[in-house]
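Chemist: any chance you could fold what I've pasted below:
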Amino acid sequence: MNIVKPYARLMPLIAECHAMPEDGSFMHFSQNDGINLLRRIEWCGRISHRSEDSQTDDSWQRFIKAVVIDKGDWSITEHAGVSVDWLSDRGVTHELVRHRLFSFTQESTRFVNYEKKMPPSFILPEGLEECDVPYQAWCAAINHAEAYYRDMVTLGKVAPQIARSVFPHALASRVIITGNLRNWRHFLIMRTTRESHPQMREITIPLLEEFKEKIPMLFDDIEPMQSQAAAIVRAR
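Modeler: Presented below is the predicted three-dimensional model:
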């Protein structure tokens, strides 16, 4: 049984294919990348008044504060977007794909043969290891599911898209998610609240901190673990 940790990380804006590590991980998304996105937003926003010639190297700070933060014109943040490399269990991805304005490419249990391509990975729910009996029961269930899948694929010659039905929600799945910054803002507001599933928050709260660090200003006011009623006020 292969247990892995969930994660979500910003992907860099440009990555040369030949520079990709063999494990498929991406280079670091820098604050420079984030500031370039804000400069893009400023340039697009200035089209309305045809003031592009007033843009300077650091004018994005004044522009974003005045137009987006103070006046609330969040629509111009839709002109810039990022992709996130995400790994979680299937239960969390079922909630994730409800955010329909994003673009998703998800690891397919129809086409990936976990006997030939790679062994399946599983996400252990946070805190479960502290409880001996539930942890042992969880491990037994995972081991049985993995064994039944293997038998169906190898002995029964069943296609992976049929054998996958024995896998539980704990099956790890990798997803690439792309969306504009306004959509990411709404997502992080809604999915870091105290009503969010604990396994969702385990991923989204660190992701929110990365957004705050790498893309200044646009996410600074989002506080995790608020009530959803209080958080939704910020979802502009």
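
Chemist: Pro125 and Met200 touch, don't they?
Modeler: No - with contact defined as C-beta atoms under 8 Å, Pro125 does not count as touching Met200 (11.6 Å). Yep, even glycine has a C-beta here, placed from its N, CA and C like the rest.

Chemist: list the buried residues in the lengthiest helix in the chain.
Modeler: Longest helix in the chain, counting residues (DSSP state H): helix 132-154. Buried positions in helix 132-154, judged by neighbour count with 16 or more other C-beta atoms under 10 Å: Trp138, Cys139, Ile142, Ala145, Glu146, Tyr149, Arg150, Met152, Val153.

Chemist: let me know the closest of these to Phe111.
Modeler: For Phe111, the nearest member of the buried residues of helix 132-154 is Val153. The distance, counting by C-beta to C-beta, is 13.1 Å.

Chemist: now that closest one. Nearest residue, chain neighbours left out?
Modeler: With C-beta to C-beta, 6 or more residues apart in numbering as the criterion, Val153 has its nearest non-adjacent residue at 4.6 Å, and that residue is Glu115.

Chemist: next one, pLDDT for that neighbour please.
Modeler: Glu115 is assigned 95 on the pLDDT scale.

Chemist: Ile205 now?
Modeler: According to the model, Ile205 carries a pLDDT of 98.

Chemist: check Met20 too.
Modeler: The predicted local confidence for Met20 comes out at a pLDDT of 55.

Chemist: how about Ala170: what's its closest non-neighbour residue?
Modeler: When the adjacent residues along the chain are set aside, Ala170 lies closest to Phe122, with 4.6 Å between them (C-beta to C-beta, 6+ apart).

Chemist: ranges for the helices of this protein?
Modeler: Using DSSP H, helices in the chain cover 31-46, 59-63, 90-96, 132-154, 160-163, 181-190, 198-214, 228-231.

Chemist: just the ones you listed: most buried one?
Modeler: With neighbours taken as mean count of other C-beta atoms under 10 Å, those reach their highest mean count in helix 181-190, at a mean of 22.
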